[in-house]
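Asks: any chance you could fold what I've pasted below:
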Amino acid sequence: MPRYLGVMSGTSLDGLDIALIEQNQRPSLLATHYIPMPTELRSELLALCAPGPDELARAAEAENRWASLAAQGIASLLAAEKLNPSDIRAIGSHGQTVRHEPARGFTIQIGNPALLAELTGIDVVSDFRRRDVAAGGQGAPLVPAFHEALFDDGTQRLAVLNVGGFSNLSLLGPDQPVHGFDCGPGNALMDAWIQQHHGQTFDRDGAWAASGCCNQNLLSALLGDAFFQTRGPKSTGRELFNLPWLEQHLRHLPAIAPADVQRTLLELTARSIVDSLQHAQQGTAELLVCGGGAHNGALMTRLQELLPATRVASTASRGVAPDWIEAMAFAWLAHCCLEGIPGNRPSVTGAKGLRILGAWYPA
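Replies: Reported below is the predicted structural model:
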């Protein structure tokens, strides 16, 4: 069976996830490798998400560093598994999103796939989102089609929730096309807030949030954003939900303790997910959670409290570790591209039709 590598660097920018899959009837995970994002590169990638000086040259330099880091990780994984580049059919490289504005007709992921192919000696498939946007779609989320391939058994209403920097839902059920959309912030605002106040990159297990109290006035103001009033297909990113957005709301309220703000941000993540799910799919039997949010005990507890009739569990309960789902998805999308299989779902992104996603860079 053909083997593919998937490389994913998400909006949390904590590092690169690399997954090796074997493509059979269903994709299976064979091996994984993680590389922390160097602090300087993380800072530059974050800066590139907003307008700034000399952006084109800075982005080109950053994507070269990103590709070199990915190549190092791939070499380490292959060495650990005693594999050669010739044993891998292709790398599916998501790259790093620096701008995502489908309403303006564009989405940008950098990662220099040509350099990655040169450094690894393996064919690379990348640039998965732009074809969907060209067809009138949101270009995101792309993982619902993979969630369908991995988890759908056609017997019950199931939802798969990915909580990275932002959260997105895939809705699966008998005799219906897969649906999905972005819900709003996942970890992005919580990560930024704890970074600002404690110098930590994330709130481990949601402990700081759990120490605070939800401020209902702030929560109501945040949930009043127009994004939460619209239904899918929709997608979002740092262009909308960022620290200036939060601070703008805080300026209009009496002073709130930082821990209470963190607890309110956790509630924003949980409520936006649950409201989206309940509106889009009643009677969901199980909510499978992947991404970094699956390790946030406070968030998982709150989701279960808000969804008492639904089983909330990590994808680990289905035998797939939550940290590797997205990297697996882009390995699978590389397979789809090379086999001529459409990788998008119009019911998810709003595109005009099914499209083959990705651009191929031969080694």
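Asks: can you give me the helices in the stretch 251-363 of the chain?
Replies: 258-280, 297-306, 325-339, 346-349 (DSSP state H, counting those that start in this stretch).
Asks: let me have these in TSV, extended by mean pLDDT, distance to Ser86 and mean neighbour count.
Replies: Heads up, the C-betas are built off the backbone N, CA and C, glycines and all. Listed next are the helices of the stretch 251-363 of the chain as TSV, based on pLDDT from 0 to 100; distance: least, Cβ to Cβ, whole Å; neighbours: other Cβ atoms under 10 Å:
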stretch	mean pLDDT	distance to Ser86	mean neighbour count
helix 258-280	97	43	21
helix 297-306	98	42	19
helix 325-339	97	16	25
helix 346-349	91	35	24
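Asks: quick one: Gln72 from Gln304, how far?
Replies: 39 Å (Cβ to Cβ, to the nearest Å).
Asks: what helices and strands are in contact with the helix ranked longest in the chain?
Replies: Ranked by residue count, the top helix of the chain under DSSP state H comes out as helix 55-81. On a contact count with 3 or more Cβ pairs under 8 Å, 6 or more residues apart in numbering; DSSP states H and E, helix 55-81 meets strand 3-8, strand 15-23, strand 27-36, helix 39-47, strand 96-101, strand 106-110, helix 113-120.
Asks: tell me which of these lies nearest to Gly173.
Replies: strand 27-36 (21.1 Å; Cβ to Cβ).
Asks: check which helices and strands that closest one sits against.
Replies: So strand 27-36, by 3+ Cβ pairs under 8 Å, 6+ apart, packs with strand 15-23, helix 55-81, helix 143-151, helix 325-339.
Asks: contacting residues for Phe228?
Replies: Counting by Cβ atoms under 8 Å, 6 or more residues apart in numbering, Phe228 touches Gly184, Ser272, Asp275.
Asks: for the last one, which non-adjacent residue is closest in space?
Replies: Excluding its sequence neighbours, the residue lying closest to Asp275 (Cβ to Cβ, 6 or more residues apart in numbering) is Phe228, at 7.4 Å.
Asks: the first one too?
Replies: Spatial nearest neighbour of Gly184, chain neighbours left out: Ser272 (3.9 Å); criterion: Cβ to Cβ, 6+ apart.
Asks: residues touching the one you found, list them.
Replies: Contacts of Ser272 (Cβ under 8 Å, 6+ apart): Ser167, Cys183, Gly184, Pro185, Leu223, Phe228.
Asks: so the first one touches Ala294, yeah?
Replies: Pointing back at Ser167 there. No. Contact criterion Cβ atoms under 8 Å: Ser167 and Ala294 do not qualify, at 11.3 Å.
Asks: comparing the two, which shows the higher neighbour count?
Replies: Ser167 (26 against 23; other Cβ atoms under 10 Å).
Asks: work out for me the element the more buried one sits within.
Replies: strand 166-172 (DSSP states H and E).
Asks: what angle do that strand and strand 96-101 make?
Replies: Counting by axes from the mean of the first three to the mean of the last three Cα atoms, to 10 degrees, strand 166-172 points 80 degrees away from the direction of strand 96-101.
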